[in-house]
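Peer 1: Below are the sequence and a predicted model for it; my questions follow.
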Amino acid sequence: MVVIGSGPAGQKAAIQARNLGNTVALIEKTRELGGSCVHRGTIPSKTLRENALRVKNMRMNAELANFKLREDLELATLINRLEIVLHAHDKYMSKQMTRCGVEFIHGRARFLSPTSLEVTKLRQEPEIINCQRIVIATGSHPRVPDNIPIDHEHLLDSDSILSMMYLPKSLVVLGGGVIASEYASIFQALGVKVTMIDKYPRPLGFLDDDLSSTFISAFENMGGTWLGNTNVIKAYWNGYDGVITECEGGLEIKSDKLLCAAGRIANVSDLNIEEAGLQLNSRGLITVDEHLQTQVPSIYAAGDVIGPPSLASASMEQGRRASCNALGKECGRIHQLIPTGIYSIPELSSVGLSETQAKEQYGENVIVGRSFFDEIARGQINDIQDGMLKIVCDPQGRKVLGVMIVAEGATELVHIGQMALLNDNDVDVFVESIFNFPTLAEAYRVAALDVLAQREKIQ
Ligand SMILES: Cc1cc2nc3c(=O)[nH]c(=O)nc-3n(C[C@H](O)[C@H](O)[C@H](O)COP(=O)(O)OP(=O)(O)OC[C@H]3O[C@@H](n4cnc5c(N)ncnc54)[C@H](O)[C@@H]3O)c2cc1C
């Protein structure tokens, strides 16, 4: 088997195929293993976030420490642990590949036929590789709208934002999705004056309004500006001292830098997929069935190249399953219940149905229990003021349909709700269980008691 791409999907596909006793080669065009997850996405942004949180907390305690960031702060200082984290990750991944016996080929792969690939290596003759099975796990790259001339110096995308030398004084963020919300709030927490602009009325529109409102108010309390319902006509570097963003209606914003976070596009252009007998779908993605198999029986695909949810967490499992299916190993259906983790400041996380989705499916009478973190002991101790946890139940107030959380720690806490959903539990499970005290997990119990109180009233 040959796996193309060494991101979360490709790695897990390669390791699984090896574990099933196959001869496996992993082709990667960049020098490092790990894909955009490790080098340009998840890990770098979360490393910066940790330091942004530290800075935010120090600022909150400024009276104690008289704290102020240096004016000419280099971005590298703020992601100083990144090199250590990446190096450790790289070493661990290479070791795992070697231990499993996966052959690593450094080069760019393109199809010659459904079972043969040409691999172009640096300053070497291309190599032809023939194989029985192929997993495409080539990931994605940032989408660049025509009116935003990304130069990776003043106008940046999510791949180049962390290559800025210095922390800018001001930043315009275009977009209202996960990556835009994460970077906007992270840079605002670092003291950058951030303006977030999107054509939609709210950021993170797939969440319930009360969650996105909590995000907006936390972002604005830190000093950020949210401009919804705003169309950007164009943005450009003025050649002198700033980026100009022109919006419909005459609004013009000048900033040191601009980040364009307008979605991602599958990495397929250099794969020559027509030679494999494949076609892209209308969204420019590779179509797969529930077994992650493409229209060509010997070719499977996994990760961002097949589209949403476009998460590292889901990509890993898709990669593993693609190999199992390709090699005839039973691994069950892929579970639809995938949690969403948004590492903005504050964190947001959800699993299962949102309140809006539940109302669409079960009617207006769904019962929603809420708990507010300033009303539970751990929330007060940790000074988590804006936190909220919601449990969405069916109209009888029994079956748990979804859990949504906004607060520091939300991305970890959500897994308790995920387990209840996976086990088809009634909401009572949160009341019958005893949680450690004081913990944020106690919020589940408080929200569940709220559901029970509402249930009493309708009985
Ligand atoms: C800023 C940011 C933050 C994110 N945060 C999170 C998060 O917190 N949690 C989460 O779950 N997800 C997060 N994601 C999403 C996550 O990074 C992706 O879903 C994940 O990396 C997809 O994995 P993949 O294996 O499909 O592709 P990738 O990680 O993109 O890897 C694909 C690999 O294929 C290689 N490749 C491409 N074409 C070829 C070719 N022709 N020949 C050889 N090699 C090739 C590429 O060089 C690359 O190394 C984030 C993404 C970004 C951009």
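Peer 2: Happy to help now that I have it. Numbering: from 1, shown residues only.
Peer 1: Count the neighbours of the closest residue to residue 214 other than its chain neighbours for me.
Peer 2: On the basis of Cβ to Cβ, 6 or more residues apart in numbering, the spatially nearest residue to residue 214 that is not a chain neighbour turns out to be residue 406, at 4.7 Å. Using the backbone N, CA and C atoms, a C-beta is placed for each residue, glycine as well. For residue 406, the tally of surrounding residues (other Cβ atoms under 10 Å) stands at 28.
Peer 1: same deal with residue 280?
Peer 2: By the criterion of other Cβ under 10 Å, residue 280 has 16 neighbours.
Peer 1: One more: residue 296?
Peer 2: Residues within reach of residue 296, counting by other Cβ under 10 Å, total 15.
Peer 1: was I right about it contacting residue 275?
Peer 2: No. The pair residue 296 and residue 275 does not pass the contact test of Cβ atoms under 8 Å, sitting 10.7 Å apart.
Peer 1: circling back: bridged to the residue nearest to residue 214, which residues?
Peer 2: In this structure, residue 406 has beta-bridge partners residue 348, residue 388, where bridges are defined by DSSP bridges.
Peer 1: these two touch, right, it and residue 211?
Peer 2: Yes. Using Cβ under 8 Å as the test, residue 406 is close enough to residue 211 to be in contact (5.1 Å).
Peer 1: which residues does the residue nearest to residue 214 contact?
Peer 2: Contacts were defined as Cβ atoms under 8 Å, 6 or more residues apart in numbering; by that measure residue 406 touches 211, 214-215, 346-348, 386-388.
Peer 1: Tell me the spacing between it and the ligand.
Peer 2: Counting by Cβ to the nearest ligand atom, to the nearest Å, the gap between residue 406 and the ligand amounts to 16 Å.
Peer 1: going forward can the numbers begin at 58, since that is how I track them
Peer 2: Shifting the count to begin at 58 puts that one at residue 463.
Peer 1: Up against the ligand, what does the stretch 108-257 of the chain have?
Peer 2: Proximity of the stretch 108-257 of the chain to the ligand (Cβ under 6 Å from any ligand atom) is limited to residues 165-166, 194-197, 215, 236.
Peer 1: One more: the stretch 358-507 of the chain?
Peer 2: Taking Cβ under 6 Å from any ligand atom as the criterion, the neighbours of the ligand within the stretch 358-507 of the chain are 360-362, 367-370, 372, 398, 400.
Peer 1: let's go with 8 Å and repeat that
Peer 2: For the stretch 358-507 of the chain, the residues found near the ligand under the criterion Cβ under 8 Å from any ligand atom are 359-362, 366-373, 375-376, 398-400.
Peer 1: tally of neighbours for the residue nearest to residue 349 when sequence neighbours are not counted?
Peer 2: Take residue 349 and drop its neighbours on the chain: the residue closest to it by Cβ to Cβ, 6+ apart is residue 379, 4.2 Å away. For residue 379, the neighbour count with other Cβ under 10 Å is 35.
Peer 1: just residue 106 next, same as before
Peer 2: 21.
Peer 1: Mind giving me the packing neighbours of the helix or strand harbouring it?
Peer 2: Secondary structure from DSSP states H and E places residue 106 in helix 99-117. Judged by 3 or more Cβ pairs under 8 Å, 6 or more residues apart in numbering; DSSP states H and E, the packing partners of helix 99-117 are helix 132-135, helix 139-157, helix 235-246.
Peer 1: Residue 407 reaches residue 458, doesn't it?
Peer 2: No. The pair residue 407 / residue 458 is not scored as a contact, 11.4 Å apart, by Cβ under 8 Å.
Peer 1: and the residue nearest to residue 162 when sequence neighbours are not counted, helix, strand or coil?
Peer 2: By the measure of Cβ to Cβ, 6+ apart, the closest residue to residue 162 outside its immediate chain neighbours is residue 84, 4.7 Å from it. Of the three states, residue 84 takes strand according to DSSP: H, G, I helix; E, B strand; the rest coil.
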